[in-house]
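> Pasting the sequence and the predicted coordinates here, then a few questions.
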Amino acid sequence: MNDILAQVLTAGTLAVILMKTAPILLAAVGGAFTQMGNILNIGLEGMMLVGAFTAVAVGAFSGPWIGILAAMGAAGLLALIFAIAALVFKADFIVVGIGINLLALGITVLLLIVLYGNAGVTPGDVKAFLPKIDLGPIGQIPVIGAALNNQTILVWLAFLCVPLYAYVLYRTRYGVHLRAVGEDEPAAVAAGINVFNVKFIAILLSGLLCGLAGAQLAMATVGSFTANMTSSRGFIALAALTFGLGRPYRTLIACAIFGAADALADRLVLGGVNSSLALTTPYVITIVALVVVAVRVKAAFNARAKRALKFAGV
């Protein structure tokens with residue numbers, strides 16, 4: 001037991017939590033944009049996966065910065081397909097999202113075979129790593145400094161996205177329109193808001209942020225791509241933003257919980273806990289979180305129904 005605690009209660013664990021939280025948070029903020037526009041973007045997983053593959057494939061030969069841009073472009077392309085299918089052709093959001101995930105899974109394996117002759121992983125000579133940021137004297141601060149030092153720029157960007165998202169949502173014209181569309185679309189149309197444009201921009205933003213999430217996941221530590229390497233992190237991000245109700249700081253807290261669970265699973269394995277048991281930790285917490293959300297939503301719905309009946313004098 002002491003060995004397990006020694007593995008968990010360290011500055012290294014906090015550093016891993018930040019690193020694990022970053023891709024989930026980036027994807028969750030992207031999904032929160034669509035959620036606020038009343039679009040449940042199931043395709044976060046697929047967009048992350050394509051972003052991860054493209055980041056490594058391009059970054060290995062053109063450098064990590066070009067790899068990041070390429071990841072954003074590839075995930076943005078999937079988001080564009082999502083937007084066209086859902087908004088132009090009026091396909092069901094859930095069905096389109098599932099299709100995006102299947103397309104991403106299939107195309108990444110196909111490209112692994114075509115480009116590298118291996119359906120499982122990129123070759124050992126195809127590597128791309130994000131540079132780490134040395135904080136200098138700040139990194140010498142006990143515990144906190146050690147945890148913050150040598151993180152990638154995408155970790156810092158992920159946490160910066162939260163106040164930026166809050167600013168856009170509550171302080172800009174677009175944010176007002178997005179919330180109006182999500183709360184009452186017919187009223188937004190009557191007010192002259194271009195619903196198509198608002199939703200289209202939200203979907204594209206979700207794709208770009210998922211591209212960043214995939215780049216962080218692939219290039220932060222391993223520097224390579226493995227088939228289905230997102231391992232349902234897109235769905236965990238979806239659970240986090242649902243748990244946070246799409247609100248900026250609630251979503252951040254939810255992502256931190258899931259990131260901590262993922263980091264805890266790794267540390268438990270190092271501490272000698274059965275790997276199969278430890279690796280289920282993030283998914284168990286995801287299920288619990290969704291159950292809590294379902295209970296809260298049902299309670300809110302019942303309370304709203306009671307108020308409506310009371311107002312109607314029933």
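Perfect, I can see it now.

> switch to C-alpha atoms for all contacts and neighbour counts from now on
Noted.

> Would you mind giving the secondary structure of Gly223?
Here Gly223 is coil, with the state taken from DSSP: H, G, I helix; E, B strand; the rest coil.

> same thing with Leu69?
helix.

> what about it, how many residues close to it?
Residues near Leu69, counting by other CA atoms under 10 Å, number 19.

> What separation is there between it and Val291?
Per CA to CA, to the nearest Å, Leu69 is found 37 Å from Val291.

> go on, Phe82?
When Phe82 is compared with Val291 (using CA to CA), they lie 28 Å apart.

> Who has more neighbours out of those two?
A direct count of neighbours by other CA under 10 Å for Phe82 and Val291 places Phe82 higher, at 24 against 13.

> For the more buried one, which non-adjacent residue is closest in space?
Spatial nearest neighbour of Phe82, chain neighbours left out: Val96 (6.3 Å); criterion: CA to CA, 6 or more residues apart in numbering.

> Doesn't that neighbour lie inside a strand?
No. Going by three-state DSSP, the assignment for Val96 is helix, not a strand.

> Please tell me I have it right and it contacts Leu87.
No. Using CA atoms under 8 Å, Val96 is not in contact with Leu87, being 10.6 Å away.

> Compare the two and say which is more crowded by neighbours.
Under the neighbour definition other CA under 10 Å, Val96 and Leu87 were set side by side, and Val96 has more, 21 against 17.

> can you pull the contacts of that one?
Neighbour list for Val96: Gly43, Phe82, Ala85, Ala86 [criterion: CA atoms under 8 Å, 6 or more residues apart in numbering].

> Pull up the per-residue confidence for it.
With respect to pLDDT, Val96 scores 96.

> what about the helices in the protein?
Secondary structure of the chain by DSSP state H: the helices cover 2-8, 11-36, 44-62, 64-83, 93-116, 144-148, 153-171, 173-183, 185-190, 195-219, 233-243, 248-270, 275-279, 281-312.

> Which residue comes closest to Gly234 once chain neighbours are left out?
Nearest non-adjacent residue to Gly234 (CA to CA, 6+ apart): Glu45, at 3.8 Å.

> Per-residue confidence at that neighbour, what does it come out as?
On pLDDT, Glu45 comes in at 96.

> Enumerate every residue touching it.
Asn101, Thr230, Ser232, Arg233, Gly234, Phe235.

> list the contacts for the fourth one?
Counting by CA under 8 Å, 6+ apart, Arg233 makes contact with Ile24, Glu45.

> For it, give its distance to Leu154.
From Arg233 to Leu154 the distance is 16 Å (CA to CA).

> What residues sit buried inside stretch 172-183?
Tyr174, Gly175, His177, Leu178, Arg179, Ala180, Val181, Gly182 (16 or more other CA atoms under 10 Å).

> Please name the residues that touch the first one.
Contacts for Tyr174 (CA under 8 Å, 6+ apart) come out as Val168, Val198.

> still on that earlier bit, tell me the least confident of the contacts of Glu45?
Lowest confidence among the contacts of Glu45: Ser232, with 87.

> Near that one, how many other residues are there?
Ser232 is flanked by 16 other residues according to other CA under 10 Å.

> Contacts only, for it.
Contact analysis of Ser232 by CA under 8 Å, 6+ apart lists Glu45.

> which phi and psi does it have?
With angles defined as degrees, to the nearest 10, Ser232 sits at phi 70, psi 20.

> Find the nearest non-adjacent residue to Met72, please.
Leaving aside its sequence neighbours, Met72 sits nearest to Gly211 (CA to CA, 6+ apart; 4.2 Å).

> How confident was the prediction at Ala312?
Listed pLDDT for Ala312 reads 61.

> same check, this time on Leu277
Taking Leu277 on its own, its pLDDT is 56.

> what do you get for Gly30?
pLDDT, Gly30: 97.
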